[in-house]
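Trainee: structure of the sequence below:
(2 chains)
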Amino acid sequence: MEGINRIPDPAEEKQGFGYKAVLWIFRLAALLGGMAMFFPPANPGRISEKINEAASLFTTGVSRDTITNSMGRILRSQWIQDADITLLMIACCIVMAGMIACCAGACMSLGNHKMRRRGLLLPVIGAPVMGIGLFLIHQAYVSMLAHGEEVGKLDTIKLILPGGFPAFCVIAGLLFLTGLTALLMTRPETDSSVKMEMDEKYRLFLMMLPVILLSFIFAYLPIWGWRYAFFDYKPGGTIGMDNFVGLKWFGSLFNDPATVSDLIRVLRNTLIMSGLGIATSWLPIAFAVLLAEIRSTKFQRTVQTLTTIPNFISWVLVYAIAICIFSTDGFINSFLTNVLHQTGANTNYLQIADHTWLKMLLWGTWKGVGWSAIVYIAGIAGIDQQLYEAARVDGANRFRCIWHITIPGLMPTYMVMLLMGIAGILSNGMEQYLVFENAMNKDVIEVLDLYVYHIGIGQNQIPLSTVVGISKSLVGVTLLFAANGISKAVRGESII
Amino acid sequence: MSKKDNGASMHIRRTVGDKVFETAVIILFLLFTFICIFPFYYLLINTISDNDLVTGGRVNFIPLLKDAAGNGVLGVQFNNYIALQNVQDLGSSVFVTVARTILATALMVITSAWAGYLVTKQKMWKRSFWYRFLVVTMYFNAGLVPWYMNMLMMGLTDNFLAYIIPGMVWPYNIILVKTYIESIPSSLEESAVIDGASTLTVWRKIIVPLSIPILATIAIFGAVGNWNSFQDSLLLMNNRPDLYTLQHRLYIYLNSSSNLGAMMSQGGTVSEQAAASMLNQRVIQYTVSMVSIIPILLVYPFMQRFFVKGIMLGAVKG
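Mentor: Residues are numbered from 1 along each chain as shown, chains lettered A, B, ... in the order given. Below is the predicted model of the structure:
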């Protein structure tokens, strides 16, 4: 594509490493500050513990409801004045305006000489604006403090200076210093006819940046939560040096008898159910091959349509269907009673723990086999017909054709599916087992994912469940790489 | 499936063995198809029959209503569906789920189209690094509890936005869109650029219209996924029952051993309460289940043409 070519920028080339370093520190500070606006723990505006903990700087600036939703009585009794809240919100908006200017400046600093010079003016203005906003937040704090003292309710309104406050002061200072330094180091414009432009590579990157940030926040940032594995953390508590326990929780996976017996049990369930899944992973192939042997296209299409439906309903709905068929007054029992006139047919089959693993496999097959077969059906359609014709001429019958042509043709796809199945042997999801779980089958149905959910969310054992989760993730990644290595070695192709 | 045409000409003389085999296979498939479909049918007829007959287990294969003598005759009624308006909290769940399905799907499709287009741009700064940065997240996750703690830290618990924002970047869909866009002739884009079109204009006027098939594919799969969502509601909405999704609500109904009164909204007019008393718990469960299945069955015919495309493109590596 003939885009805009790299704009020659002699000014930049003559500047040394120091200039680039200052610019990158500035951009990084702007990125951090920009993200911190939406990051509740870094909210500089949470000057009272009564302000919602989940409110970020952005929320504090725009939503009075969110910040005041747990201070009803305090506001009604005028222990904190409305005017102070308004001042706080305005102050937060001013901080944000300054921060946004700095971020815009950081983006523009990726442009050509002229754009960069303009862009660097923004932090020089924006950072002092942030300073004003932070000062106003402090004023709101001082005002609330004075008023609280006056009415004698300081204990109730719980004023604090949040950690985000000094953090934002530091960021504002850093932005100002680096922005100003970079501006002073950038040569003045010599040719005013040059337009503001940005090299395409940075322009495209900036367009991509929001997506990258979203991915970072929701897929990478959770790794920061792994720190709970090293602390004696209780929900609502804090983590610090006083409850640092090192590898204690990792040790408890092997030392603590209760945990060990739980783990052995859930690992057994996990491996058996995944193993059954892998052992029956040829079923979709059989489905596809047999379906292809039927000569009526209409029949094929109808079967395919109807057997795929279960794949698209949730496990909760599968459970609803299980209830309507197998529960005490479900189809099976009423069929036995009213059609076969059997007396005393009122078994709740869902409460029987026998053969739980097999039942779970059957539900999984019922839900998934039609869908999984589609990829093989498409694969069969892609096999060269001349192969079949040649084989028939040579006297091959139907089964020999299947065995020597169809199956080998589907093998590459099957190998990929199989390796992915092996790589995911520890993750069989929790929804299916959660919905089918009851007091009877608890011991045999609890898989690793469900166990993590039970101890982490149900019993609030955050550190232990984090440790189990970490181990699972690491094993999963190792298995994936191993599977990929096998695939590369055997087929010369990677699967990821 | 294309084998059938050639097969027909090949099977000029079918042996007895062939016939037996084919009949056996057909019976096998009829049986399996019946098993796949019958539960849905059974669920349906139990919601449109007379509730007393349902409770007595009389409705097995056809919907029944009572005649004057109290015996079952073929017939249907829809009172159960009308009575659903009295079921507690159902309305808010339906609203939340519909809103979520529309918003989250739309944003996911836009994000995927945008990101999928940008990652085809070789000129982007560190393009392959950022692409891998996105794709790696498909194979790795930090675990349930760290994820939950992260959502807590971001203020996305008890918050409707938790249904929308985290689902915007879906690496698998970005790969699908990217692969599709790469198959579009680059000359179209080049000519637009020569005419002075910006990246945004090219995306809006050329890339998006040409990518409609793949965008429709991810939209429909995304919509079904959102409609079926249960886990995020279960994990994140502990203090906001009004934000439970339909599946979560259904899960609660299915597990509630409480009596009918707990499930029905309190108060209401006399006629409402009379309507409510006609229901029993089992029928409510069936009817709510049916309500959450119906939309999927409605979009199902449209989805079908995207099946193979969706699943086959997935095999294409990033």
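
Trainee: what residues does the nearest residue to A:Tyr319 once chain neighbours are set aside make contact with?
Mentor: Of all residues not flanking A:Tyr319 in the chain, A:Val435 sits nearest, at 4.0 Å (C-beta to C-beta, 6 or more residues apart in numbering or on different chains). Glycine gets a C-beta too; all of them are placed from N, C-alpha and C. Residues near A:Val435 by C-beta atoms under 8 Å, 6 or more residues apart in numbering or on different chains: A:Trp315, A:Val316, A:Val318, A:Tyr319, B:Tyr251, B:Leu254.

Trainee: try A:Thr181
Mentor: Contacts of A:Thr181 by C-beta under 8 Å, 6+ apart are A:Val22.

Trainee: for it, give me the pLDDT.
Mentor: At A:Thr181, the model reports a pLDDT of 92.

Trainee: tell me which element it is part of?
Mentor: Using DSSP states H and E, A:Thr181 falls within helix A:164-185.

Trainee: now that helix - C-alpha only, CSV.
Mentor: Extracted C-alpha coordinates of helix A:164-185, given in CSV (Å, rounded to 0.1, in the frame of the first residue of the first chain):
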residue,chain,number,x,y,z
GLY,A,164,-4.0,7.7,44.8
PHE,A,165,-3.5,11.3,45.9
PRO,A,166,0.3,11.3,46.2
ALA,A,167,0.5,8.9,43.2
PHE,A,168,-1.3,11.5,41.1
CYS,A,169,0.9,14.3,42.4
VAL,A,170,3.9,12.3,41.4
ILE,A,171,2.5,11.5,38.0
ALA,A,172,1.6,15.2,37.4
GLY,A,173,5.1,16.3,38.5
LEU,A,174,6.7,13.7,36.3
LEU,A,175,4.6,14.7,33.3
PHE,A,176,5.4,18.3,33.8
LEU,A,177,9.1,17.8,34.2
THR,A,178,9.5,15.4,31.3
GLY,A,179,7.2,17.3,29.1
LEU,A,180,9.0,20.6,29.7
THR,A,181,12.4,19.0,29.3
ALA,A,182,11.4,17.4,26.1
LEU,A,183,9.9,20.6,24.8
LEU,A,184,13.0,22.5,25.6
MET,A,185,15.2,19.9,23.9
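
Trainee: against which helices or strands is the following helix or strand past that helix packed?
Mentor: Helices and strands here follow DSSP H and E; after helix A:164-185, the next one along the chain is helix A:200-215. Contacts defined by 3 or more C-beta pairs under 8 Å, 6 or more residues apart in numbering or on different chains; DSSP states H and E place helix A:200-215 against helix B:90-118, helix B:127-136, helix B:199-202.

Trainee: give me the element A:Ile85 is part of.
Mentor: Taking DSSP H and E as the criterion, A:Ile85 maps to helix A:82-108.

Trainee: now do the buried residues in that helix.
Mentor: Residues of helix A:82-108 classed as buried: A:84-85, A:87-89, A:91-108 (neighbour count, 16 or more other C-beta atoms under 10 Å in any protein chain shown).

Trainee: stretch A:216-234 too?
Mentor: Of all the residues in stretch A:216-234, those buried under the rule 16+ other C-beta under 10 Å are A:217-223, A:225-226, A:228-231, A:233.

Trainee: and stretch A:243-260, by the same measure?
Mentor: Within stretch A:243-260, the residues scored as buried using 16+ other C-beta under 10 Å are A:Lys248, A:Trp249, A:Phe250, A:Ser252, A:Thr259.

Trainee: end-to-end on that stretch?
Mentor: 23 Å (C-alpha to C-alpha, to the nearest Å).

Trainee: so, in contact with chain B or not, that stretch?
Mentor: No: interface with chain B: stretch A:243-260 contributes nothing (C-beta under 8 Å from any C-beta of the partner chain), its closest point being 11.9 Å away.

Trainee: find the nearest non-adjacent residue to A:Ala30, please.
Mentor: Of all residues not flanking A:Ala30 in the chain, A:Ala106 sits nearest, at 3.5 Å (C-beta to C-beta, 6+ apart).

Trainee: and that neighbour, what pLDDT?
Mentor: pLDDT recorded at A:Ala106 is 94.

Trainee: now the angle from the longest helix belonging to chain B to helix B:90-118?
Mentor: In chain B, assigned by DSSP state H, the helix with the most residues is helix B:281-314. Using axes from the mean of the first three to the mean of the last three C-alpha atoms, to 10 degrees, the inter-axis angle of helix B:281-314 relative to helix B:90-118 is 0 degrees.

Trainee: I'd assumed B:Leu64 was in contact with B:Asp50.
Mentor: Yes: B:Asp50 is in contact with B:Leu64 according to C-beta atoms under 8 Å; the separation is 6.2 Å.

Trainee: now the common contact residues for the two.
Mentor: Common contacts of B:Asp50 and B:Leu64, defined by C-beta under 8 Å, 6+ apart, comprise B:Gly72.

Trainee: quick one on the thing from earlier: next, the residue nearest to A:Tyr319: secondary structure please.
Mentor: helix (DSSP: H, G, I helix; E, B strand; the rest coil).

Trainee: secondary structure element for the residue in the stretch 301-450 of chain A positioned nearest to chain B?
Mentor: Proximity of the stretch 301-450 of chain A to chain B (C-beta to the nearest C-beta) peaks at A:Ser334, 2.8 Å away. Element membership of A:Ser334 [criterion: DSSP H and E] is helix A:331-334.

Trainee: ok now that helix, how far from the chain's centre?
Mentor: Once both centres are worked out by C-alpha atoms, centre = their mean, to the nearest Å, helix A:331-334 turns out to sit 42 Å from its chain's centre.

Trainee: show residues contacting that helix.
Mentor: Identification of contacts with helix A:331-334 by C-beta under 8 Å, 6+ apart yields A:324-327, A:345-347, A:349, B:39, B:42, B:56-60.

Trainee: looking at the buried residues of stretch A:243-260, which are in strands?
Mentor: Among the buried residues of stretch A:243-260, no member falls in strands (DSSP state E).

Trainee: of all the residues you listed, which comes closest to A:Ile132?
Mentor: Distances from A:Ile132 to these, taken as C-beta to C-beta, are shortest for A:Trp249 (46.1 Å).

Trainee: excluding residues flanking it in the chain, which one is nearest that closest one?
Mentor: Using C-beta to C-beta, 6+ apart, the nearest residue to A:Trp249 is A:Val467, at 4.4 Å.

Trainee: ok, that neighbour - contacts?
Mentor: With C-beta under 8 Å, 6+ apart, A:Val467 has these contacts: A:Ala229, A:Trp249, A:Phe250, A:Ser252, A:Leu253.

Trainee: returning to what we had before: and the buried residues of stretch A:243-260, which is closest to A:Lys201?
Mentor: A:Phe250 (43.7 Å).

Trainee: remind me which helix or strand the closest residue to the closest one other than its chain neighbours belongs to.
Mentor: Spatial nearest neighbour of A:Phe250, chain neighbours left out: A:Val467 (5.6 Å); criterion: C-beta to C-beta, 6+ apart. Per DSSP H and E, A:Val467 falls inside helix A:462-491.

Trainee: give the buried residues for that helix.
Mentor: A:462-473, A:476, A:479-480, A:483-484, A:487.

Trainee: A:Leu145 against A:Ile157, yeah?
Mentor: No: under the criterion of C-beta under 8 Å, A:Leu145 is not in contact with A:Ile157, lying 9.1 Å apart.

Trainee: can I see the domain layout of chain A?
Mentor: A:10-198, A:250-491 (automatic domain parsing).

Trainee: which one of those lies closest to B:Phe78?
Mentor: Going by C-beta to C-beta, the one of the domains of chain A nearest B:Phe78 is domain A:250-491, 18.3 Å.

Trainee: now the terminal residues of that closest one, how far apart.
Mentor: Start-to-end span of domain A:250-491 (C-alpha to C-alpha) is 38 Å.

Trainee: ok, back up a step: wait, which of the helices and strands packed on helix A:200-215 is closest to A:Gly379?
Mentor: Between A:Gly379 and these, the shortest separation by C-beta to C-beta is 24.3 Å, and it involves helix B:127-136.

Trainee: packing partners of the closest one?
Mentor: In terms of contacts (3+ C-beta pairs under 8 Å, 6+ apart), helix B:127-136 is packed against helix A:200-215, helix B:171-182.

Trainee: all set, thanks.
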